[in-house]
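>>> Sequence and predicted model, in that order:
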Amino acid sequence: MSKTATSTGKRLDLTEGSIAKTMLLFALPTLGSSALQSLNGSINAVWVGRSLGEEALAATANGNILMFILISFVFGFGMASTILIGQAMGRRNESMVKKTMGTALGSIIPISVLVSAGGWIFAPMLLDLLGTPPSALSLALTYMRMIFIAMPVTLTFTLIMMALRGTGDSTTPLWFIAMSVVIDLILTPTLILGLGPFPEWGIFGSAFATAVANTLALIGMLITMYLRGSVLALRMPELRFLRADPEILKSMFSKGLPMGIQMIVISSAALTMLSLINREGVQTTAAYSATQQLWTYVQMPAMALSAAASAMVAQNIGANQWHRVAGITRWGLLFNLVLTGAVIVVLTIFDETFLALFLGSDSQAVPIGRHIQIMATWGFMFFGIAQVLFGTMRANGYVIWPLIVMIISMYPVRLGFAFGLYPMLGDDALWLSFPAGMVATALMGVGLYLHGGWRKGKMLPADEAAQRSEEFRANTGTSASFRDILPTTVWKLLPLRRITRLHRRLRRRLHRRHMIKKNKR
């Protein structure tokens, strides 16, 4: 790697040294970033719930789930970019890293603008379809429209953080998330309550504070990247890379589309669940919203370890270090059991205290929230297992079967459980459907990891390892609708390889004909 690429002093080489130590050094800053973001969301929820009431808290739950479903595809696109960047870093291919970053930025910004406009226009219809409680409808619309205005900045900020992690740098995103959180924590109460000379904007102030914080953090992160000479920083001659490279873009879409659809499956199932929960009344919706705040902390270790596993496996595949992949997965699973298990125990012991922060100690929604937490939170142990396994397989472009697993887990299992058992169990069927889906996902994920075709090609040279895995899936019909998926190594000279193969076939045919003629004589 060039001096430019290593001058940051922040990037870890994920292909060498102790796997456990490297995973912790990479995952802990990612976990810290997630913790800060979740803490920020929780404190904002406390301000909204305490200052504006349960209707406002229910409004944020409805607004956030709709926003998430509309950005899912864009997020999958960013995940695909991170995989390509990680593999290029493993191959020490700095030019490919820059081309991938340029293509991602040049594509995701206009897409995010379209998503933002669509969210603004269709927000009332979406909230109506969701069955948002009438008392929370106006607040939810105000909150969501402000969030969508800031969508291009939010998605660009997220993409660059993911790309930095793909290069092995998980520390820089941590610092700028911290910056965003500090700004947000200052602005949120100021704009909700109208402190000092600032206007009293209520729930709009909460969303506006988040938008300002993300914008300032994005600007600071870009400046830092250029000052440090990051490999992702595009300088004047390299700005041409912002014009999307068709081959790289195809590879991003072939991988990003299934991952985006996977997130849409998850969020659409959550959307359906929320519509069922809304029928139980505003207090149940508020209790569920508060419980979701707690669940963000339960999910954090799994998501951080999944990101670490994906980045480490991608770089090791790129460096042809296949012997380290199984070890990365084992350590990810072990750390998940320890960290996720610890968080579940703490939240189970102190759930009433935490829920009261959002709802108030005298709220009738607190007992409902405690019941939800006890019934469902234990399932996140299995959620973590699935995420680590999917992170490993995703690093080699294996995205179709994990998508199928998620579809089965979310719809026939989770929603089938909720709808089918509701007449017998009442609202307990809603809460138990969450761990039911997570257990099913983990079991199928283990089956894919042990018996799926994601490892194919591990004895091949580094420049063909990831490619052959995809060729295997195409030829065996695993991804029948994606037969034209480009290989992960899209920077290889594919036309030259085809010419070479054709030349070899012609030579073999000519040799056979020559031998036939010789035998006849």
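Yep, it's here.
>>> In the stretch 401-521 of the chain, where is pLDDT below threshold?
457-511, 513-521 (pLDDT under 70).
>>> With the chain instead?
Short version for the chain, where the test is pLDDT under 70: 1-13, 50, 54, 58, 61-75, 130, 457-511, 513-521.
>>> Which residue, other than its chain neighbours, is closest to residue 315?
Setting aside the residues directly before and after it, residue 315 is nearest to residue 90 in space (Cβ to Cβ, 6 or more residues apart in numbering), at 3.7 Å. C-beta: built from backbone N, CA, C; applies to glycine.
>>> And residue 309, by the same measure?
Using Cβ to Cβ, 6+ apart and skipping the chain neighbours, the partner closest in space to residue 309 is residue 391 (4.0 Å).
>>> shouldn't the one you found be in contact with residue 328?
No: because the distance of 9.2 Å does not satisfy Cβ atoms under 8 Å, residue 391 is recorded as not touching residue 328.
>>> list the residues that contact both of those two?
Taking Cβ atoms under 8 Å, 6 or more residues apart in numbering as the contact criterion, the common neighbours of residue 391 and residue 328 are 309, 313.
>>> I'd like the next helix or strand past the strand or helix carrying residue 337.
Assigned by DSSP states H and E, residue 337 belongs to helix 325-349. Tracing the chain past helix 325-349, the next element assigned as helix or strand by DSSP H and E is helix 351-359.
>>> Could I get the buried residue list for that following helix?
In terms of neighbour count (16 or more other Cβ atoms under 10 Å), helix 351-359 has its buried residues at 351, 354, 355, 356, 357, 358, 359.
>>> now do stretch 368-388
Of the residues in stretch 368-388, those buried under the neighbour-count criterion (16+ other Cβ under 10 Å) are 368-373, 375-388.
>>> Likewise for stretch 37-44?
Buried residues in stretch 37-44, defined by neighbour count with 16+ other Cβ under 10 Å: 37, 38, 40, 41, 42, 43, 44.
>>> Convert the C-alpha atoms of it to PDB, please.
Once non-C-alpha atoms are left out, stretch 37-44 reads as follows in PDB (Å, rounded to 0.1, in the frame of the first residue of the first chain):
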ATOM      1  CA  GLN A  37     -25.800   6.900  18.000                       C
ATOM      2  CA  SER A  38     -28.200   4.900  20.100                       C
ATOM      3  CA  LEU A  39     -27.500   7.000  23.200                       C
ATOM      4  CA  ASN A  40     -28.200  10.100  21.200                       C
ATOM      5  CA  GLY A  41     -31.500   8.600  19.900                       C
ATOM      6  CA  SER A  42     -32.400   7.500  23.400                       C
ATOM      7  CA  ILE A  43     -31.800  10.900  24.900                       C
ATOM      8  CA  ASN A  44     -33.800  12.600  22.100                       C
END
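>>> what does that stretch rub up against?
Counting by Cβ under 8 Å, 6+ apart, 177, 180-181, 184-185, 188, 206, 209-210, 293, 296-297, 300, 357-358 sit against stretch 37-44.
>>> Now the buried residues of stretch 37-44 in JSON lines, please, with extra columns for secondary structure and distance to residue 430.
Below are the buried residues of stretch 37-44 laid out as JSON lines (DSSP: H, G, I helix; E, B strand; the rest coil; distance: Cβ to Cβ, whole Å):
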{"residue": "37", "secondary structure": "helix", "distance to residue 430": "27"}
{"residue": "38", "secondary structure": "helix", "distance to residue 430": "23"}
{"residue": "40", "secondary structure": "helix", "distance to residue 430": "28"}
{"residue": "41", "secondary structure": "helix", "distance to residue 430": "23"}
{"residue": "42", "secondary structure": "helix", "distance to residue 430": "23"}
{"residue": "43", "secondary structure": "helix", "distance to residue 430": "27"}
{"residue": "44", "secondary structure": "helix", "distance to residue 430": "26"}
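>>> what are the C-alpha coordinates of stretch 307-326, in PDB please?
Taking C-alpha atoms only, stretch 307-326 is exported to PDB below (Å, rounded to 0.1, in the frame of the first residue of the first chain):
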ATOM      1  CA  ALA A 307     -19.300  -5.400  10.400                       C
ATOM      2  CA  ALA A 308     -16.000  -6.500  11.700                       C
ATOM      3  CA  ALA A 309     -16.300 -10.000  10.400                       C
ATOM      4  CA  SER A 310     -17.400  -8.700   7.000                       C
ATOM      5  CA  ALA A 311     -14.500  -6.300   6.700                       C
ATOM      6  CA  MET A 312     -11.900  -8.800   8.000                       C
ATOM      7  CA  VAL A 313     -13.100 -11.600   5.800                       C
ATOM      8  CA  ALA A 314     -13.300  -9.300   2.700                       C
ATOM      9  CA  GLN A 315      -9.700  -8.200   3.200                       C
ATOM     10  CA  ASN A 316      -8.500 -11.700   3.900                       C
ATOM     11  CA  ILE A 317     -10.200 -13.100   0.800                       C
ATOM     12  CA  GLY A 318      -8.600 -10.300  -1.200                       C
ATOM     13  CA  ALA A 319      -5.200 -11.200   0.200                       C
ATOM     14  CA  ASN A 320      -5.900 -15.000  -0.400                       C
ATOM     15  CA  GLN A 321      -5.700 -15.700   3.400                       C
ATOM     16  CA  TRP A 322      -8.600 -18.100   3.400                       C
ATOM     17  CA  HIS A 323      -7.200 -20.100   6.300                       C
ATOM     18  CA  ARG A 324      -8.100 -17.200   8.600                       C
ATOM     19  CA  VAL A 325     -11.800 -17.000   7.600                       C
ATOM     20  CA  ALA A 326     -13.100 -19.800   9.900                       C
END
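>>> Tell me which residues are up against that stretch.
Outside of stretch 307-326, the residues that reach it under the criterion Cβ under 8 Å, 6+ apart are 14-15, 19, 22-23, 26-27, 30, 82-83, 86-91, 165-166, 168, 170, 328-329, 332, 388, 391-392, 394-396, 455, 458-459, 461-462, 465-466.
>>> ok, now with 7 Å
The set of residues external to stretch 307-326 that reach it, using Cβ atoms under 7 Å, 6 or more residues apart in numbering, is 14-15, 19, 22-23, 26-27, 30, 83, 86-91, 165-166, 168, 328-329, 332, 388, 391-392, 394-396, 458, 461-462, 465-466.
>>> cool, stretch 413-422 as well?
In this structure, residues lying in contact with stretch 413-422 by Cβ under 7 Å, 6+ apart are 269, 272, 273, 276, 429, 430, 432, 433, 434, 436, 437, 440.
>>> now, which of those sits nearest residue 143?
Of all the contacts of stretch 413-422, the one with the least separation from residue 143 (Cβ to Cβ) is residue 273, at 20.0 Å.
>>> Which strands and helices lie in contact with the host helix or strand of that closest one?
Residue 273 is part of helix 246-278, with elements assigned from DSSP H and E. Under the contact definition 3 or more Cβ pairs under 7 Å, 6 or more residues apart in numbering; DSSP states H and E, helix 246-278 sits against helix 54-90, helix 94-130, helix 282-318, helix 400-408, helix 428-451.
>>> got the angle for it vs helix 428-451?
When axes from the mean of the first three to the mean of the last three Cα atoms, to 10 degrees is applied, the directions of helix 246-278 and helix 428-451 differ by 150 degrees.
>>> tell me which residues in helix 246-278 are buried?
Of the residues in helix 246-278, those scored as buried under the neighbour-count criterion (16+ other Cβ under 10 Å) are 248-249, 251-274, 276-278.
>>> Quick check: the residue nearest to residue 315 touching residue 15?
Yes: in this structure, residue 90 is within contact of residue 15 by Cβ atoms under 7 Å, at 6.0 Å.
>>> now residue 52: how far from residue 146?
Applying Cβ to Cβ, to the nearest Å, the value for residue 52 to residue 146 is 14 Å.
>>> now residue 449
From residue 449 over to residue 146 the distance is 42 Å, taken as Cβ to Cβ.
>>> From what I see, residue 119 and residue 148 are in contact.
Yes: Residue 119 is in contact with residue 148 according to Cβ under 7 Å; the separation is 3.7 Å.
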